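Student: Okay, predicted coordinates and the sequence, questions at the end:
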Amino acid sequence: MKEMGKKLGLPILAVVLVSVFPAIFLYCQNAEEAGFGEILPVIGGCIGTGLVLFALLLAITRSANQAGVIASIFAGIIMNFSLLEKAVRWLFSSLRYWHVVPIVLVVGLHIGFLVFKFIPRDISTDIVKVVCLVFGALIVINCGMSVPGVLSYQRAKNELSKPQTNSKEALPEGEEGKPNIYLFIFDEYANFPQLQEYYNYDNEPLMSFLTENNFSVSYTSHNESYMTPTVLTNLMNLEYLVTDETDTNERQVLRQQGKLFSLMEEQGYAVDILESFNFMGGHLPEGDTASEDAATMDGATLVDLFMQQTIVYPFWETNHPALIDNALKVVEYMSEPDSLPESDTFTLVYLDLPHAPFVVDEEGNAIPVTQSVNWVDKQYYLGQLKFTTKMMLQMLQNIVDNDPHSVIILQSDHGGRGGAQEGFRIMFPYEVKTNPLNALYIYGTEQLDIEGLSSVNTLRTLLNYLWRTDYEMLPVPENQKEEIVE
């Protein structure tokens, strides 16, 4: 038994290392944004897949080392199939997934046959040792390089786990309540000029509502970036503290513990944050915190990102509908008169819409998953924007009707940015992508001149009006990067 363990040990180790390397590499590349526990199920699945391959090939070859070599080849193919597919399609652009699968598998089978038939078992032993050495070293190197990211992630988690004081302060007896303040942020909601020029769409439903209810509107606002973590972190702090290059976790801590929240509390306001996914440190209306797993802005987790590079990627779907479901929960809550606070409350509502993935059309009907990032056909972004507008107006109408003596800040972080599909990229000009939706409602009677003001300066202008503060208007930095049209 001990002798058998020695014979099987290195071959099994080789297969396991090859199988888990893509998952560990993915985690290490995202260590500053995700906990190791998020990738553990993937690592377990990779190990299981590798062991099954090894067992099958051991039964065929009757040689542990040959089985280890061939199983490692197939594990590499399975775990990295999307990269292999891209390489094949770069050479033969007309091929698709179902063409590439048999090609790659046949090539793998031929290589496995050559290993079994023509490579002596002692050389297979040497190959197994080399595989163990190379992939073991790669894993160690990547883990070592991820240490700063892991520490940054843990520091952020520790900082965010400290208790926050968002409790409402009692007003002195006889003092009237303060007007509620609502800040609505809709991710990637294009301003009126972009919709008109690039989508040939007159956003009349929203414009009519804003005009009829005496909103101040800016058409020429520009923010410092078109990256959400940068823009919203700065907005929550009323100044330009971070750039696109700032550490992800530093931005997260600064965003979720923003100066804006503490200022509101100093003025006697309770703070309530409602959001469709865990980005601002808020919650869904029923009190549940959104998933704490790291995710891209389109809802893809580490598990999703890994599965999208394996041979099963066409059959794996990110849970995109959950984003809409969560948004609808927030909208339903904010559309009920009884859900509005009596007074002295700052409510932040952040919805990750109409940001991709495109999940619904303007009527709320599901669209094909294959079109979820299709910016080329403009109907998909525009359809989701129209659906978002309906939800937006539903919430705003409830406030205007039932809490008219309130303040509403209506913004997006940036305009539509465009995206990639099949190598094609729509690249809107920088000044278009950084032009957010920007409007203010003050009691339905007051207006402020916010034309051309950034989101940060709009908020500073509003607070100067409400609280007689003296915030200066800040110069807006640019984080413009070189853009290449593919």
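Tutor: Now that the structure is in, tell me what you want to look at.

Student: going forward, measure contacts between C-alpha atoms and count neighbours the same way
Tutor: Noted.

Student: Extract the residue ranges of the chain that are flagged as low pLDDT.
Tutor: Along the chain, the parts satisfying pLDDT under 70 run over 1-6, 153, 156-176, 287-300, 317-321, 420-426, 479-486.

Student: which SSE is N326 in?
Tutor: helix 321-334 (DSSP states H and E).

Student: what about that helix, distance to the chain center?
Tutor: Relative to its chain's centre, helix 321-334 lies at 17 Å (Cα atoms, centre = their mean, to the nearest Å).

Student: Which strands and helices lie in contact with it?
Tutor: Applying 3 or more Cα pairs under 8 Å, 6 or more residues apart in numbering; DSSP states H and E, we find helix 321-334 packed against strand 270-275, helix 379-402.

Student: Which stretches in the stretch 201-350 of the chain count as strands?
Tutor: Here the stretch 201-350 of the chain has its strands, by DSSP state E, counting those that start in this stretch, at 216-217, 270-275, 345-351.

Student: Of the ones you listed, which is nearest F387?
Tutor: Checking those against F387 by Cα to Cα gives strand 345-351 as the closest, at 12.5 Å.

Student: Give me the angle between the closest one and helix 379-402.
Tutor: Angle between the axes of strand 345-351 and helix 379-402 is 160 degrees (criterion: axes from the mean of the first three to the mean of the last three Cα atoms, to 10 degrees).

Student: Pull up the pairing partners for strand 345-351, direction included.
Tutor: Sheet pairing for strand 345-351, assigned by DSSP bridges, gives strand 181-186 (parallel), strand 270-275 (parallel).

Student: OK, contacts around I311?
Tutor: Neighbouring residues of I311 by Cα atoms under 8 Å, 6 or more residues apart in numbering: 77-82.

Student: before we move on, back to that, ok, residues contacting the helix holding N326?
Tutor: Residues from elsewhere that reach helix 321-334, judged by Cα under 8 Å, 6+ apart: 274-277, 284-285, 299, 339-340, 351-352, 359, 391-392, 394-395, 398.

Student: same check, this time on stretch 141-158
Tutor: So stretch 141-158 is contacted by 24-25, 28-35, 249-250, 252-253 (Cα under 8 Å, 6+ apart).

Student: Give me the subset of those lying in helices.
Tutor: 24-25, 28-29, 249-250, 252-253 (DSSP state H).

Student: State the phi and psi torsions of the closest residue to Y380 other than its chain neighbours.
Tutor: Leaving aside its sequence neighbours, Y380 sits nearest to F358 (Cα to Cα, 6 or more residues apart in numbering; 6.2 Å). Main-chain torsions, F358, degrees, to the nearest 10: phi -80, psi 120.

Student: ok, F358 to L440 distance?
Tutor: Distance of F358 to L440, given as Cα to Cα, to the nearest Å: 28 Å.

Student: between the two, which one's more packed in?
Tutor: Ranked by neighbour count (other Cα atoms under 10 Å), F358 and L440 place F358 first, with 29 against 26.

Student: ok, the more buried one - contacts?
Tutor: Contacts for F358 were tallied using Cα under 8 Å, 6+ apart; they are 367, 371-374, 380-381, 384.
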